[in-house]
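Visitor: Model the structure of this input:
(one chain, ligands or ions: 1)
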Amino acid sequence: MRPVLRPWAAVLALLTAACSGPGPATTLAPAPGTAPTTTTGTAAVPAGRVAGAAASGLGDPYFPTLGNGGYDVDHYLIDLRVDPERSHLDGTTTITATATGDHTAFSLDFAGPDVAAVTVDGAPVEWWRDGAELWVGAPLVAGEAFSVAVGYAGVPSAFAAGSPGFPTGWRSNDEGTYVVAEPDGARTWFPANDHPTDKATFTFRITVPDGTTAVANGAPAGTETAGGLTTSVWEMAYPMSTYLATVVVAPLVRVEHPAAGDVVLGDYLPPAMADEVPEAFTRTGEMIEAFSAWFGPYPFDRYGHVVVSGLPAALETQTLTVFGDEWFSTPYAEFVVAHELAHQWFGDAVTPATWQDIWLNEGFATYGELLWVEHLYGPEARQAEAARRYDDLAATDHALTGDPGVERLFGTSVYQRGALTLHALRADVGDEAFFAILRSWVERHAGGTAATSDFVALAEEVSGRDLGALFDAWLYAAPLPPLPSP
Ligand SMILES: [Zn+2]
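Guide: Got it, this is the predicted structure:
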């Protein structure tokens, strides 16, 4: 069966909920860090910081305690046994890192369950918890590599932070367990340097009971089955920010799609869905080809979706988007697919340097929806859709796109006004310069992070224009500028 694709005119106010979205809160827990609880691995260790310790935050303007100073993570090995019926995990995360300074102690972001042991380079060390920081009482020597392993077990709690509208992190329901962690939920399920700027490669080793399947970001790298348990290994060989890491454990069926060039395509679906693959997923290859022509080559070697229930959202988890099944009962599913796919370039390959720069994620992915309209129906349809969204936005109280604040981090401004900022830029500099800017953005920053000021500078460099007034008006001033015509 092929459901009718809604004509573009019906696709109004798409997806302020993509990558976030309203919905009933479940298993709410307070954001960590506000009420320190100190647990020590050894009785003699002081709570909180010690003299000479590395910084316990990176000073993000919206989440100043996220991330940690003193080291740069190279690789995470997340080795967990998961019991989805209890939402329980038990295992060890081993972080391989390089020290960036000389310190007496350092911290990891961790709001997960009970810690059993911490070792550095294989030797037990002192450790203590203070709110959402896990302190490690071992020295760092600038330039030297080290590994820190944390053993832990229990039932993680997702928490509501920022404004996604639902708890983020490790989530469970009757169908299984899954992770959607933007912006700061990664620390609910593994100890991390939990800020987008510290990208690393990942290995996931996930052991689950028979009848369920574990999937994660990247490429499958083998399975072993013994004693009613199956261990699946997944390798994310591209640098990835912590909030983009995911594991889903549920009954899942792999459905392959024809490759798009060299890009392997396939989805993981609930068994009841596998016999009738959602139409929206069958066009992913066509989307990759269309977006590659505009943005440059797809930045990874594979892509797909994993469908979960009970999630009123979708999240662009790198190479494997977590897709809430609620989208299939709306006319927007295909545009959600386009939105999350565009994020693979804008958000995943190139990641905002701070959470204040969130429009570099959401505005660009939302512009991807407009480009999909253009691909399907032509540039006039794209212009008409932009005008409809402009009218909706004009009637809505909305935050500053370039400084929305934590409370409206996922508000309509970063999505719709962010997309219209790109629409205005394209009208100003012309198609050739505009797409050259987007391609240069990815070429220059893929695998890393960049800030709004970097984008403005690049746009001026490529176009040869002074664009300060345009970006100031769209990103940093409350009045909505006039919508430019092409
Ligand atoms: Zn998004």
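Visitor: Give me the neighbour count for the residue in the stretch 151-300 of the chain positioned nearest to the ion.
Guide: Nearest residue of the stretch 151-300 of the chain to the ion: residue 182, at 8.8 Å (CB to the ion). (Each C-beta comes from the backbone N, C-alpha and C, glycine too.) Here the number of neighbours of residue 182 (other CB atoms under 10 Å) works out to 27.
Visitor: which SS class is it?
Guide: Following DSSP: H, G, I helix; E, B strand; the rest coil, the label given to residue 182 is coil.
Visitor: thought it was touching residue 243?
Guide: Yes - the criterion here is CB atoms under 8 Å, and residue 182 meets it with residue 243 at 4.6 Å.
Visitor: how many other residues sit next to residue 350?
Guide: The tally of other residues near residue 350 (other CB under 10 Å) stands at 24.
Visitor: For residue 399, report the pLDDT, please.
Guide: As predicted, residue 399 sits at a pLDDT of 96.
Visitor: wait, it sits on residue 408?
Guide: Yes - counting by CB under 8 Å, residue 399 does reach residue 408; the two are 4.1 Å apart.
Visitor: Now the common contact residues for the two.
Guide: Common neighbours of residue 399 and residue 408, using CB atoms under 8 Å, 6 or more residues apart in numbering, are residue 414.
Visitor: So which residues of the stretch 251-400 of the chain form strands?
Guide: For the stretch 251-400 of the chain, applying DSSP state E, counting those that start in this stretch gives strands covering 253-260, 263-269, 302-308, 314-315, 320-324, 350-352.
Visitor: can you put those strands in TSV and add mean pLDDT?
Guide: TSV is the format used below for those (pLDDT from 0 to 100):
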stretch	mean pLDDT
strand 253-260	96
strand 263-269	98
strand 302-308	98
strand 314-315	96
strand 320-324	97
strand 350-352	98
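Visitor: Distance to the ion added to these, as a markdown table?
Guide: Shown next, in a markdown table, are those (distance: least, CB to the ion, whole Å):
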| stretch | distance to the ion |
| --- | --- |
| strand 253-260 | 21 |
| strand 263-269 | 19 |
| strand 302-308 | 14 |
| strand 314-315 | 8 |
| strand 320-324 | 10 |
| strand 350-352 | 12 |
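Visitor: Just put those in TSV and tack on distance to residue 64.
Guide: Formatted as TSV, these follow (distance: least, CB to CB, whole Å):
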stretch	distance to residue 64
strand 253-260	41
strand 263-269	36
strand 302-308	31
strand 314-315	24
strand 320-324	27
strand 350-352	16
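Visitor: Just tell me which of these ends up closest to residue 431.
Guide: Of all the strands of the stretch 251-400 of the chain, strand 350-352 sits nearest to residue 431, with 20.8 Å by CB to CB.
Visitor: Can you give the contact residues for the closest one?
Guide: With contact meaning CB under 8 Å, 6+ apart, strand 350-352 is reached by 196-197, 199, 241, 244, 358, 360-361, 441-442, 445-446, 448-451.
Visitor: tally of neighbours for residue 274?
Guide: When neighbours are counted by other CB under 10 Å, residue 274 registers 15.
Visitor: dump the residue contacts of the residue lying closest to it once chain neighbours are set aside.
Guide: In space, and not counting its chain neighbours, residue 274 is closest to residue 253: 3.8 Å by CB to CB, 6 or more residues apart in numbering. By CB under 8 Å, 6+ apart, residue 253 lies in contact with 268, 269, 270, 271, 273, 274.
Visitor: Kindly recompute the last result at 6 Å.
Guide: By CB atoms under 6 Å, 6 or more residues apart in numbering, the contact set of residue 253 is 269, 271, 274.
Visitor: That one pairs with what?
Guide: residue 269 (DSSP bridges).
Visitor: all helices of the stretch 251-400 of the chain, in order?
Guide: For the stretch 251-400 of the chain, applying DSSP state H, counting those that start in this stretch gives helices covering 271-274, 284-295, 333-345, 359-377, 379-394.
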